[in-house]
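A.B. asks: Just a sequence and a predicted model for now, questions to come.
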Amino acid sequence: QVPLVESGGGLVQAGGSLRLSCAASRRTFSSGYIGWFRKFPGKEQEFVAAISRNGGMTYSLDSVKGRFTISRDNAENSVYLQMNSLKPEDTAVYYCAAADVFSRNYSTYNVWGQGTQVTVSS
């Protein structure tokens, strides 16, 4: 079973919404944290949001607070990123990743999905 699989990306107009899904294997889903990162061309992965194993702790990038919400469904072994009020600068490849401890540094996360493209048109 593939450890992490993202879906839900696509093309949307500015102001629109998308919901990204990250389906995890049972083993990966039991990691301490599942996070979402995004990658702009020529740059390193940028932290977007993360959620703890029991969902009690969430963290997010300041620029997405109030617009993006991370959640998880333990019955479905899935983590979601609801993205509202999207802006053209949110355009990137979005990845979910797993880590044993929380960090905003992508190098802490040792399991990664293949990514899903999000494109926001102006």
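C.D. replies: Nice, I can see it. Numbers count the residues shown, from 1 in each chain.

A.B. asks: can you map out the helices along the chain?
C.D. replies: Taking DSSP state H as the criterion, the chain carries its helices at 26-29.

A.B. asks: which residues are in contact with the least confident helix or strand in it by mean pLDDT?
C.D. replies: Sorted by mean pLDDT, DSSP states H and E, the helices and strands of the chain end with helix 26-29, the least confident at a mean of 91. Helix 26-29 is contacted from outside by 3-4, 74, 77, 98, 111, using CB atoms under 8 Å, 6 or more residues apart in numbering. The way it works is simple: take the backbone N, C-alpha and C, and place the C-beta from them, glycine included.

A.B. asks: out of these, which one sits closest to Ala50?
C.D. replies: Distance to Ala50, by CB to CB, is smallest for Ala98 among the contacts of helix 26-29, at 9.9 Å.

A.B. asks: Quick check: bridge partners of the closest one?
C.D. replies: In this entry, Ala98 is beta-bridged to Ile34, Val111, by DSSP bridges.

A.B. asks: What of Gly10?
C.D. replies: Beta bridges link Gly10 to Val118, judged by DSSP bridges.

A.B. asks: Once you drop chain neighbours, what's closest to Val93?
C.D. replies: Nearest residue to Val93, sequence neighbours excluded (CB to CB, 6 or more residues apart in numbering): Gly115, at 4.4 Å.

A.B. asks: Tell me the span between the first and last residue of stretch 47-63.
C.D. replies: 11 Å (CA to CA, to the nearest Å).

A.B. asks: and the residue positioned nearest the centre of the chain, what does it touch?
C.D. replies: Per CA atoms, centre = their mean, the C-alpha nearest to the average position across the chain is that of Trp36, at 2.4 Å. The neighbours of Trp36, taking CB under 8 Å, 6+ apart as the test, are 20, 22, 48-50, 70, 79, 81, 94-97.
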